[in-house]
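Trainee: here is a sequence together with a model predicted from it:
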Amino acid sequence: MIRIISAFILAMVSSLSSAAGQELRLVDGAPQRHVVVPGDTLWGISGKFLKDPWLWPDIWRMNREDIRNPHRIFPGDVILLDRDALGKPRLRLERTRMVPQIHVETMAQGIPAIPPNVIRPFLSDPLIVEAHSLDSAARIIATPNDRVYIGNGDLAYVANADPAKLDWQVYRNGKPLLDPESGEILGYEAFYLGTARQIEAGNPATFEVVTMKQEIGRGDRLVPAIRPPLVAYVPHRPDFLVDGRVISVYGGVEAAGRGSIVSINRGTRDGIEIGHVLGLERNRTVTQRDEQDNKVVVPIPPERVGLLFVFRPFERISYGLIVQSDGTVDVNDFARTP
């Protein structure tokens, strides 16, 4: 990919309105320069300079468009810490020439926001199926010779398949994901079974199993294969109040920590986008007895236990990676604007 770098791209002049008025606090012993190396992430680099890593856009003087389409940072680049005329800290890339230059580099060379190897399966596999999509989802209704299960190379007959879509992913319904506030089913955590290809349109259509992780059979569902790209959004806090809950920890466990994937009950319809950083707070109560010996539930003041980086939002649910944790994060804990 060809990237065109000019000096003025790096002189970003507009700060993010969401963090207006927030003080940029440097970590003790923040370096004056950092040489980018393979394996670095934007989150990791920001943590070398800032106590609040989600304020990365501010120290780079980014505006909203810069956050969605940031200049790419590559191994070998040198990041410098200095101060502006008002004494506020800022970061810039060290350049030896102040004229536009053209460099040819692959997209994979640019450093990502968070570790791509951790989240890549969650970008390609449909591990969350939203509730409203189940009614019209394609479904295997029969197999040749009425076999119970089929595997690689076998055929299946599928109802409600879009004839314009050739490549599909096969899943089986898992546990429902409930909104802890309303009790409503927001979606289902699906079991990913494999991939299939539509070889003859119709209703039912004829499909061939291409890959298989688990046995595939009658009643299993199919969705068109979608591989969202790992976009280069910069970590940033929402510019509005988010007050959500953790509704699931991937892997079927109840508690999570740094490096865990969780889902929350907020999505794109709530304004959530890739790159949003949310504070994780404990949601705890204690039971006491009042003067009449009645049980009374008393909420404990929320306590910050970590930070969540949203990397794949759906309409009503979002996947996030816990990038910082000072303790365990449990289902029903709060996910809020930091």
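Mentor: Looks like it came in fine.
Trainee: quick one: mean pLDDT for stretch 65-80?
Mentor: The average of the pLDDT scores along stretch 65-80 is 80.
Trainee: what distance separates that stretch from the centre of its chain?
Mentor: 20 Å (Cα atoms, centre = their mean, to the nearest Å).
Trainee: in it, what's buried?
Mentor: Counting neighbours by 16 or more other Cβ atoms under 10 Å, one finds that the buried residues in stretch 65-80 are 66-68, 70-74, 77, 79. C-beta here means a position set from N, CA and C on the backbone, and glycine is covered the same way.
Trainee: please parse the protein into its domains.
Mentor: If you go by automatic domain parsing, the domain ranges for the chain are 2-114, 127-224, 243-336.
Trainee: nearest to Arg237, out of these?
Mentor: The closest of those to Arg237 is domain 2-114. By Cβ to Cβ, the value is 4.6 Å.
Trainee: please report how far Leu93 lies from Ile111.
Mentor: Relative to Ile111, Leu93 is positioned 12 Å away (Cβ to Cβ, to the nearest Å).
Trainee: show me which of those two is the more surrounded one.
Mentor: Higher neighbour count among Leu93 and Ile111: Ile111, with 21 against 17, using other Cβ atoms under 10 Å.
Trainee: just give the closest residue to that one, not the sequence neighbours.
Mentor: Distances taken as Cβ to Cβ, 6 or more residues apart in numbering put Asp40 closest to Ile111, at 4.9 Å, once the chain neighbours are dropped.
Trainee: what residues are bridge-paired with Gln288?
Mentor: Applying DSSP bridges to Gln288 yields these beta-bridge partners: Val296.
Trainee: re earlier: and the residue nearest to Ile111, how far is that from Leu93?
Mentor: Remark: distance between Asp40 and Leu93 (Cβ to Cβ) = 14 Å.
Trainee: which residue lies farthest from the center of the chain?
Mentor: For the chain, the residue at maximal distance from the C-alpha centroid (Cα atoms, centre = their mean) is Gln292, at 48.2 Å.
Trainee: so that one: helix, strand or coil?
Mentor: Put simply, Gln292 is coil when judged by DSSP: H, G, I helix; E, B strand; the rest coil.
Trainee: so how far is Gly251 from it?
Mentor: Applying Cβ to Cβ to Gln292 and Gly251 gives a distance of 44 Å.
Trainee: correct me if wrong: Ile79 contacts Ile59.
Mentor: No - counting by Cβ atoms under 8 Å, Ile79 does not reach Ile59; the two are 10.2 Å apart.
Trainee: residues contacting stretch 129-146, please?
Mentor: Contact with stretch 129-146 is made by 150, 154-162, 168, 170-171, 173, 176, 185-188, 190, 204, 207, 216-223, 314-317, as judged by Cβ atoms under 8 Å, 6 or more residues apart in numbering.
Trainee: give me the buried positions along it.
Mentor: Across stretch 129-146, burial judged by 16+ other Cβ under 10 Å covers 129-131, 138-140, 143.
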